[in-house]
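Asker: predicted model and sequence follow; I will ask about them next.
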Amino acid sequence: MKYARLNQVVDEVIDLFIELGASDEQLDFKVAYVSALNGTASMDPDLSTQTEDYSCIYDLIINEIPAPDVNIDAPLQFQPALLDYNDYVGRIGIGRIKAGTIKENEMVSCVRLDGSIKQFRIQKLFGFLGLKRIEIKEAHAGEIVAIAGMPDISVGETVCDIGKESALPVLRIDEPTLKMTFMTSDSPFVGRDGEHVTARKIEERLFRETQRDVSLRVEQSGQDSWVVSGRGELHLSILIENLRREGFELQVSKPEVIIKEIDGVECEPYEEVQIEVPEESVGNVIESLGLRGAKMENMTNVNNLVRLLYTIPSRGLIGFSTDFMTMTKGYGILNHTFKEYLPVEDITVGERKLGVLVSMENGKATAYAIGNLEDRGTMFIEPGTEVYEGMIVGECNRENDLAVNVVKGKQLTNTRAAGSDHTVVLKRPRPITLEYCLDYINSDELLEITPHYLRLRKKILNTESRKKFDAKKNA
């Protein structure tokens, strides 16, 4: 334990609490000294008192954290706060028992969100032991449990004893504000990397996700495409990342806000944004939000941190998280929640200003071709990367798209001259992540997603067809 810094770490925690405006009562906290590496713990900063068990931590939790203030003898009240799905038992409601006792195979009533009452039998009752979900026969008020038996149970409904129905306050569920189109992949490379590529597999997986995610909406928009609506860019990107890890291949469109018509007026979702940033970063953040159509509601300064409150169109937040992390060097805190629908503002937000470099050939990219194209923009690929016609290989330094040949090799001849050959030194390509790609693409582009690759591409792959389409659009 020669690297232990007990007093310094405790002082740093106290400094953090003070920065966050903690009260005197919150600053008077108990400290347990633990080494996870050695499996030892104690309540004393003297390292010689460390013992090879964690019983002192468990005792501290039991003594300091109050037990749930509940009534076990009262009529049952259970409210699901999360959903899960199982192929064997269907939808599962997870939540805390507010009052009473719940038992497996018991008949209960469910007070629905519309006020109606439906009776059902609890087929399965699960408790939690650490990170594991275990089957149990009975649970009491204060425990967190999961129940199965009602195929369409929803978040915010109340499960009660029959004849003693008393609904708890309904939980607020933010409605979707952003939508994307998920499609089966029609890439020339389809099927090379993923296991699940068919429309049936993708549709089944999206349906399963709606069973456990109450904020997700899925609508069929074509034979092989679905409009997926969620709570924001992060919400949808988590779903896409999960699909990637499960071996799916698909392509998605640019995120768009959900427009509604209210009293004959087109309205878009607005969000309330709360930001905490260091003082040295606040100027850049305010400027960036202003360009995205945000309106400042409040600004306060607390212990060298500036707290900003804004109202902003949801489309103004597309791509903002990445810029925000860069502007604040990772020290900023960003929270946003849906506020209301307001008339659509006439602001241009979300479209990329620069054009892209688009491959006009199929094959493997060569160092010779990439070296000749570096003065045209920033590359996304390395030599040896397989490309196809219509795939985006870089960002153009002008506003228009440029079709380029990145598979062109150097013409070899028998003639040699001193100094004619030289080593090609290339700049590092720009690294692209899922979040970056979703922010980057324009409305005429798609993101191709496979378990191991992210490829940006045009909707129209053929170069000549794309040029004709663009000419008609600009005419």
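Answerer: Thanks, I have it.

Asker: what's around residue 53, how many residues?
Answerer: If you count neighbours by other C-beta atoms under 10 Å, residue 53 ends up with 10. For glycine as for every other residue, the C-beta is placed from the backbone atoms N, C-alpha and C.

Asker: phi, psi of it?
Answerer: Residue 53 adopts backbone torsions of phi -160, psi 160, taken as degrees, to the nearest 10.

Asker: contact partners for it?
Answerer: Residue 53 makes contacts with residue 41, as judged by C-beta atoms under 8 Å, 6 or more residues apart in numbering.

Asker: offset the numbering so it begins at 13, please.
Answerer: All set: I'll call the first residue 13, so the last point we hit is now residue 65.

Asker: tell me the pLDDT of it.
Answerer: Confidence at residue 65, expressed as pLDDT, is 85.

Asker: likewise for residue 13?
Answerer: 61.

Asker: now residue 212
Answerer: pLDDT at residue 212 comes out at 92.

Asker: domain parsing of the protein, as residue ranges.
Answerer: The chain breaks down into these domains under automatic domain parsing: 18-76, 89-172, 190-269, 281-355, 368-425+435-457+466-486.

Asker: now distance to residue 275 too, for those domains, in CSV please.
Answerer: Formatted as CSV, the domains of the chain follow (distance: least, C-beta to C-beta, whole Å):
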stretch, distance to residue 275
domain 18-76, 42
domain 89-172, 25
domain 190-269, 19
domain 281-355, 10
domain 368-425+435-457+466-486, 28
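
Asker: what's the closest of those domains to residue 361?
Answerer: Evaluated over those, closeness to residue 361 peaks at domain 281-355, with 5.1 Å, by C-beta to C-beta.

Asker: ok, back up a step: right, and the domains of the chain - which one's nearest residue 182?
Answerer: domain 89-172 (4.5 Å).

Asker: show me where pLDDT drops low in the protein?
Answerer: Across the chain, the ranges flagged by pLDDT under 70 are 13-14, 362, 425-436, 487.

Asker: for the strand or helix carrying residue 469, what is the distance to the chain centroid?
Answerer: Secondary structure from DSSP states H and E places residue 469 in strand 466-470. Relative to its parent chain, strand 466-470 has a centroid offset of 20 Å by C-alpha atoms, centre = their mean, to the nearest Å.

Asker: same for it, what does it pack against?
Answerer: Using 3 or more C-beta pairs under 8 Å, 6 or more residues apart in numbering; DSSP states H and E, the elements in contact with strand 466-470 are strand 404-408, helix 446-452, strand 457-461.

Asker: would you format those as CSV with mean neighbour count included?
Answerer: Below are the helices and strands packed on strand 466-470 laid out as CSV (neighbours: other C-beta atoms under 10 Å):
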stretch, mean neighbour count
strand 404-408, 22
helix 446-452, 19
strand 457-461, 23
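
Asker: in JSON lines: those, plus distance to residue 37.
Answerer: Formatted as JSON lines, these follow (distance: least, C-beta to C-beta, whole Å):
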{"stretch": "strand 404-408", "distance to residue 37": "53"}
{"stretch": "helix 446-452", "distance to residue 37": "39"}
{"stretch": "strand 457-461", "distance to residue 37": "49"}
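
Asker: got a list of contacts for stretch 469-482?
Answerer: Contacts of stretch 469-482 (C-beta under 8 Å, 6+ apart): 199-200, 263, 370, 372, 400-404, 413, 415, 456-460.

Asker: restricted to buried residues, select those residues in PyMOL.
Answerer: Buried residues within the contacts of stretch 469-482, by 16 or more other C-beta atoms under 10 Å, are selected in PyMOL with:
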select buried, resi 199+263+370+372+400+401+402+403+404+413+415+457+458+459+460
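
Asker: of the helices and strands packed on strand 466-470, which is nearest residue 111?
Answerer: Short answer: helix 446-452, nearest of the helices and strands packed on strand 466-470 by C-beta to C-beta, at 42.6 Å.

Asker: so which strand or helix has the residue most central in space within the chain?
Answerer: When C-alpha atoms, centre = their mean is applied to the chain, the residue found nearest the centroid is residue 246 (2.7 Å). Secondary structure assignment for residue 246, by DSSP H and E: helix 245-257.

Asker: could you name the helices and strands sitting against whatever helix or strand comes next after that helix?
Answerer: Sequence order places strand 262-264 as the next helix or strand after helix 245-257, per DSSP H and E. Contacts defined by 3+ C-beta pairs under 8 Å, 6+ apart place strand 262-264 against strand 190-195, strand 457-461.

Asker: look up phi and psi at residue 53.
Answerer: Torsion angles, degrees, to the nearest 10, at residue 53: phi -160, psi 160.

Asker: the closest residue to it other than its chain neighbours and residue 478, how far apart?
Answerer: Leaving out its chain neighbours, the residue that sits closest to residue 53 by C-beta to C-beta, 6 or more residues apart in numbering is residue 46, at 4.4 Å. Distance, residue 46 to residue 478, by C-beta to C-beta, to the nearest Å: 60 Å.

Asker: which one's more surrounded, the two?
Answerer: For residue 46 versus residue 478, neighbours defined as other C-beta under 10 Å are more numerous around residue 478 (20 against 15).

Asker: picking up where we left off before, relative to residue 165, which of the helices and strands packed on strand 262-264 is closest?
Answerer: strand 190-195 (25.6 Å).

Asker: counting contacts, what elements does that closest one pack onto?
Answerer: strand 237-242, helix 245-257, strand 262-264, strand 268-269.

Asker: partners of the strand or helix carrying residue 352 in the sheet?
Answerer: Residue 352 is part of strand 345-355 when elements are defined by DSSP H and E. Here strand 345-355 is paired, per DSSP bridges, with strand 277-290 (antiparallel).

Asker: tell me which residues in the following helix or strand past the strand it pairs with are buried?
Answerer: Scanning forward in sequence from strand 277-290 by DSSP H and E, the next helix or strand is helix 294-303. For helix 294-303, the neighbour count (16+ other C-beta under 10 Å) marks 294, 297-298, 301 as buried.
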